[in-house]
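Chemist: build me a model from this:
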Amino acid sequence: MRRLTSGAGRELSAKGDIFKSPLSKTGPRGQNNLVKKNKTAARPGSAAQQPADQQPDVIPDVIIVGSGAAGLTAALVLAERCHVLVLAKGALDGGSTAWAQGGIAAVLDSGDTFEDHINDTMMAGGGLNRRETVEFVIEHAPEAIQRLADLGVPFNADSGALHLTREGGHSHRRIVHVDDATGWAVQQALIAAATAHPNITLRPDMVAVDLVTDRHRIEPVEGKHGAATGGQQGGQQGGQQVWGVYALDTQTGHVECFSARATILATGGAGRTYLFSTAPRGATGDGIAMAWRAGCRVSNMEFMQFHPTCLYNLEVKNFLITEAVRGEGGHLKLPPGVPGGGERFMPRFDRREELAPRDVVARAIDHEIKRLGLDYVHLDISHRDPEFIRGHFPNIYERLLGLGIDMTKEPIPVVPAQHYTCGGVLIDMAGRTDLAGLYAVGECSESGLHGANRLASNSLLECFVFGDAAANDILERWDSFAAPPPLREWDASRVADSDEEVVIKQNWTEIRRFMWNYVGIVRTNKRLERAAHRIKLLKSEVNDYYSNFRLTSDLIELRNLLQTAELIVKSARARRESRGLHYNEDYPQTQPAARDTILVPN
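Modeler: Below is the predicted model:
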């Protein structure tokens, strides 16, 4: 198996050279005057690559919070006309994108169709997908793959065509991949392109605290006091105007006020709300919590996806065993020493067996673990040819071998773990939120693509398509964006350094544990009530701590973690049925009518 990039990638598409960049310098919108000259446009080799304390005073046109697939996709599109500031929470490659193993779903095979991919997505989504969103994303998938190939992503190829694998819930082979480390390859290509672009400034180690809105203006706008109460989704009518973001520089300990005409949240999901998660350390629901506090509605937060197969190992945490292992013939079995040991159990739960959607497989594993008192079940692909396994899953093979597990000869112990946040900030087809000047893309948003359950490998795809859509909407509507007004700097004059950091650690651990136990794969009314009670008690304590002590990244994350947990529990308690990823034993049936859970800030 070899890899193809750039020009070779064009030849592999069924439609030939399918990607024509709408941002070409000779394109229909031209270059006009959107890139500010002199003081506001970054110079090649300067702001984009220098340390923060050596950067010139560059005023960004657009701020993007997050440096993963969605954020950098938007940045590269916008940078053809605007100066873009990208704030990364930690390292530029520290988000979820780099952790994605499986691949990107796209219709590229002659036997596959857009309609098949749409139907698979809708079936997995349990009736809550918005069909227009599904069609929009899937029909733009080949373009997204072409653009990545042009950036140099070395997709695997076989016999002169892109190698396509299959994952659970898909009716065809349509997963484009780079071995079993697709996200890492994509992340590196995007970072390289963004770093090289003179109109993109990358700032790592910046932890977003809150959005800057009209209430932070030095001269308040008449009739706008405090947070908004909703507004018109997509229409940007009413409510607060967003002017940027306050962010903590973890290197200096200072909170800076960043302002721009438009702001894009690309902050990822809220996986670390749970004790066991495949998400990186920084996935604490920051964008969702900030948008909620500013006045945005959030939708379908009860739908937290649990990946069925995370490695069970007491020393190694959060190592995902990709869906593609089951897609390529891996079997789920009970371990030896229990009734039925060594036998497959998925045929008892679903006719699609190991290729059933993730929610079905995760609940089946959870059921067997609880029924038999197990710590894990087995995922076994050792019946396949060893060379096939090593060739398709080289990174997983090497990692497991280092832990004493040879997946070519023996099964892999696995357990479910939280994996993806299907709900988020409610957006329209252009990524617009309820607040003027604010967009949300990627896992922090709720676009209607995933519904009640995400289909495997649709998540990276959503990042590329909506990152592009939001950026193009900003460019097309640029004349409607006003320049930022004078804004208040962050006031830290009335806080002290904390002498009780253990409070943060204790509360963080408590939240993650009760969310796992009470708001996990299987829920009940009583468990949700207990979780809500714990959140109410913790809110007072955390808010008091936040008000009196100097900000740290841990404190910011704790505040967001608790806010996100509250949104998840409120949404779960509001849904009196079982649908998709939300399973409540007190409401095991699915209602005839599918309705979104939409929470509106007070």
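
Chemist: SS state for G244?
Modeler: Per DSSP: H, G, I helix; E, B strand; the rest coil, the secondary structure class of G244 is strand.

Chemist: would you mind measuring from the nearest residue to V298 once chain neighbours are set aside to G287?
Modeler: Leaving out its chain neighbours, the residue that sits closest to V298 by Cβ to Cβ, 6 or more residues apart in numbering is L599, at 5.2 Å. From N, CA and C alone the C-beta is placed, and that goes for glycine too. According to Cβ to Cβ, to the nearest Å, L599 and G287 sit 15 Å apart.

Chemist: those two: who's more crowded?
Modeler: G287 (31 against 18; other Cβ atoms under 10 Å).

Chemist: quick one, what contacts the more buried one?
Modeler: Contact analysis of G287 by Cβ atoms under 8 Å, 6 or more residues apart in numbering lists V65, G66, A208, L265, A266, T267, G268, G424, V425, A440, C444.

Chemist: for it, give me phi and psi.
Modeler: phi -60, psi -40 (degrees, to the nearest 10).

Chemist: state the distance from it to L275.
Modeler: Distance of G287 to L275, computed by Cβ to Cβ: 22 Å.

Chemist: same question, N602
Modeler: Where L275 is concerned, N602 sits at a distance of 30 Å (Cβ to Cβ).

Chemist: which is the next helix or strand following the least confident helix or strand in the chain by mean pLDDT?
Modeler: The helix or strand of the chain with the poorest confidence is helix 6-12; it has a mean of 35 (mean pLDDT, DSSP states H and E). Proceeding N to C from helix 6-12, the next assigned helix or strand is strand 62-65, under DSSP states H and E.

Chemist: in this structure D214 contacts Q241, no?
Modeler: Yes - proximity of D214 to Q241 meets the contact threshold set by Cβ atoms under 8 Å, at 5.1 Å.

Chemist: more crowded one of these two?
Modeler: Neighbours per residue (other Cβ under 10 Å) separate D214 from Q241, with D214 holding more: 24 against 21.

Chemist: distance between stretch 488-497 and the chain's centre?
Modeler: How far stretch 488-497 lies from its chain's middle: 31 Å, per Cα atoms, centre = their mean, to the nearest Å.

Chemist: these two touch, right, A105 and G169?
Modeler: No - at 9.8 Å, A105 does not count as touching G169 under the criterion of Cβ under 8 Å.

Chemist: find residues that contact each of these two.
Modeler: Residues touching both A105 and G169 (Cβ under 8 Å, 6+ apart): L455, A456.

Chemist: mind listing what S459 touches?
Modeler: With Cβ under 8 Å, 6+ apart, S459 has these contacts: A100, Y420, E443, H450.

Chemist: can you check A193 too?
Modeler: Shown in contact with A193 (Cβ under 8 Å, 6+ apart): L72, L76, L151.

Chemist: next structured bit after the helix or strand hosting the first one?
Modeler: Just to be clear, that refers to L72. Using DSSP H and E, L72 sits within helix 69-78. Per DSSP H and E, the first helix or strand lying C-terminal to helix 69-78 is strand 84-87.

Chemist: other SSEs contacting the helix or strand following that following strand?
Modeler: Using DSSP H and E, the helix or strand that follows strand 84-87 towards the C-terminus is strand 104-105. In terms of contacts (3 or more Cβ pairs under 8 Å, 6 or more residues apart in numbering; DSSP states H and E), strand 104-105 is packed against helix 141-150, strand 175-176, helix 459-476.

Chemist: if we go to 6 Å?
Modeler: helix 459-476 (3 or more Cβ pairs under 6 Å, 6 or more residues apart in numbering; DSSP states H and E).

Chemist: what about the helix it packs on, average pLDDT?
Modeler: Helix 459-476 carries an average pLDDT of 96.

Chemist: then it to PDB, C-alphas only?
Modeler: Extracted in PDB, the C-alpha atoms of helix 459-476 (Å, rounded to 0.1, in the frame of the first residue of the first chain):
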ATOM      1  CA  SER A 459     -16.500  14.300  12.500                       C
ATOM      2  CA  LEU A 460     -13.300  15.400  10.700                       C
ATOM      3  CA  LEU A 461     -15.400  15.900   7.600                       C
ATOM      4  CA  GLU A 462     -17.700  18.300   9.400                       C
ATOM      5  CA  CYS A 463     -14.600  20.300  10.600                       C
ATOM      6  CA  PHE A 464     -13.400  20.800   7.000                       C
ATOM      7  CA  VAL A 465     -16.800  21.600   5.500                       C
ATOM      8  CA  PHE A 466     -18.000  24.000   8.200                       C
ATOM      9  CA  GLY A 467     -14.600  25.600   8.700                       C
ATOM     10  CA  ASP A 468     -14.700  26.500   5.000                       C
ATOM     11  CA  ALA A 469     -18.400  27.500   5.200                       C
ATOM     12  CA  ALA A 470     -18.000  29.900   8.100                       C
ATOM     13  CA  ALA A 471     -14.900  31.500   6.600                       C
ATOM     14  CA  ASN A 472     -16.700  32.100   3.300                       C
ATOM     15  CA  ASP A 473     -19.700  33.500   5.000                       C
ATOM     16  CA  ILE A 474     -17.500  36.000   6.900                       C
ATOM     17  CA  LEU A 475     -15.900  37.100   3.600                       C
ATOM     18  CA  GLU A 476     -19.100  37.400   1.800                       C
END
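
Chemist: could you tell me the angle between that helix and helix 141-150?
Modeler: Between the axes of helix 459-476 and helix 141-150, defined by axes from the mean of the first three to the mean of the last three Cα atoms, to 10 degrees, the angle is 90 degrees.

Chemist: helix 459-476 to helix 69-78, inter-axis angle?
Modeler: In terms of direction (the same axes, to 10 degrees), helix 459-476 departs from helix 69-78 by 30 degrees.

Chemist: now helix 459-476: buried residues?
Modeler: 459-475 (16 or more other Cβ atoms under 10 Å).

Chemist: so what's the residue most central in space within the chain up against?
Modeler: In the chain, the centroid-proximal residue (Cα atoms, centre = their mean) is E443; its distance is 2.8 Å. The contact partners of E443, taken as Cβ atoms under 6 Å, 6 or more residues apart in numbering, are G268, G269, T421.

Chemist: ditto for S445
Modeler: G424, V425, I427.

Chemist: hmm, 10 Å instead?
Modeler: 70, 265-267, 269, 287-288, 291, 298-299, 421, 423-427, 431, 433, 439, 462-463, 466, 470 (Cβ atoms under 10 Å, 6 or more residues apart in numbering).

Chemist: just the helices in the stretch 151-300 of the chain please.
Modeler: Along the stretch 151-300 of the chain, counting by DSSP state H, counting those that start in this stretch, helices occupy 182-196, 286-294.

Chemist: and the longest one, how far from the chain's centre?
Modeler: Helix 182-196 has its C-alpha centroid displaced from the chain centroid by 16 Å (Cα atoms, centre = their mean).

Chemist: and if you look at the last one?
Modeler: Computed by Cα atoms, centre = their mean, the separation of helix 286-294 from the middle of its chain amounts to 15 Å.

Chemist: output it as PDB, nothing but the C-alphas.
Modeler: Extracted as PDB, the C-alpha positions of helix 286-294 are listed here (Å, rounded to 0.1, in the frame of the first residue of the first chain):
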ATOM      1  CA  ASP A 286     -14.600  25.700  26.800                       C
ATOM      2  CA  GLY A 287     -16.300  27.000  23.700                       C
ATOM      3  CA  ILE A 288     -19.700  25.600  24.600                       C
ATOM      4  CA  ALA A 289     -19.500  27.100  28.100                       C
ATOM      5  CA  MET A 290     -18.300  30.500  26.900                       C
ATOM      6  CA  ALA A 291     -21.000  30.700  24.200                       C
ATOM      7  CA  TRP A 292     -23.700  29.800  26.700                       C
ATOM      8  CA  ARG A 293     -22.500  32.400  29.200                       C
ATOM      9  CA  ALA A 294     -22.600  35.000  26.500                       C
END
